[in-house]
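**Student:** Build me a model from this:
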Amino acid sequence: MSRNYNRSERPDDVLDFQDSMVSLIRSLGLHKADTTPCGQPLSVGEAQALLEVGRQPGLTQNGLAQRLGLDKSTVSRLVGMLERRSWIERVRDRSDSRFCHLRLTAAGMKANANLARSRRAKFERIFRAIPRAQRPGVAASLSALMEAIDES
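**Tutor:** Okay, the predicted model is just below:
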């Protein structure tokens with residue numbers, strides 16, 4: 001397999017980048033299936049679903065699938081797990097019973113608020129550990145990284 005490298009980059013640059021990304025994933029704990037990066041006892045998928053339904057009550061499962069970039073069956077499983085925790089409820093659309101709208105229950109709102117506090121505290125600690133003068137560069141690098149991920 002041939003690799004196309006820019007003249008200014010070495011093949012090791014790509015491997016170093018790969019190792020850095022793996023280290024980032026591990027340092028955030030994203031490889032732990034049942035814990036969020038902020039230490040909450042739920043999967044990252046469940047946390048993201050909870051976040052999105054909290055942001056837009058009434059979101060459909062299809063809408064949630066689009067926002068999370070997941071297939072419908074995966075989202076259906078996530079919603080099922082959140083229902084078993086009594087954090088989310090499916091409400092049939094009155095005008096079209098094929099659609100279910102998702103809403104957080106009272107327990108789900110409490111879990112979402114707890115998750116938001118934990119997430120904010122975790123990322124606030126990380127942010128404050130970055131020297132003030134380097135913060136704009138880190139933000140720009142993250143933006144460039146997200147664009148590259150979206151394009152690839």
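**Student:** Residue 65 against residue 75, yeah?
**Tutor:** Yes - using CB atoms under 8 Å, residue 65 makes contact with residue 75 at a distance of 4.3 Å. From N, CA and C alone the C-beta is placed, and that goes for glycine too.
**Student:** Find the residue closest to the residue nearest to the spatial centre of the chain in space, skipping its chain neighbours.
**Tutor:** In the chain, the residue lying closest to the centroid (CA atoms, centre = their mean) is residue 48, at 4.9 Å. With sequence-adjacent residues excluded and distances taken as CB to CB, 6 or more residues apart in numbering, residue 48 is closest to residue 68, at 5.7 Å.
**Student:** Enumerate every residue touching that neighbour.
**Tutor:** 45, 48-49, 52, 75 (CB atoms under 8 Å, 6 or more residues apart in numbering).
**Student:** Take the helix-or-strand element of the chain with minimal mean pLDDT, keep the C-alpha atoms, and write them as CSV.
**Tutor:** Least confident helix or strand of the chain, by mean pLDDT, DSSP states H and E, is helix 11-27 with a mean of 90. Extracted C-alpha coordinates of helix 11-27, given in CSV (Å, rounded to 0.1, in the frame of the first residue of the first chain):
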residue,chain,number,x,y,z
PRO,A,11,6.2,9.0,7.6
ASP,A,12,6.9,9.1,11.3
ASP,A,13,4.8,12.3,11.7
VAL,A,14,1.7,10.4,10.8
LEU,A,15,2.6,7.6,13.3
ASP,A,16,3.3,10.2,16.0
PHE,A,17,0.0,11.9,15.3
GLN,A,18,-1.8,8.5,15.5
ASP,A,19,0.0,7.8,18.9
SER,A,20,-1.1,11.2,20.2
MET,A,21,-4.7,10.6,19.2
VAL,A,22,-4.7,7.2,20.9
SER,A,23,-3.1,8.8,24.0
LEU,A,24,-5.8,11.5,24.0
ILE,A,25,-8.6,8.9,23.7
ARG,A,26,-7.1,7.0,26.6
SER,A,27,-6.4,10.0,28.8
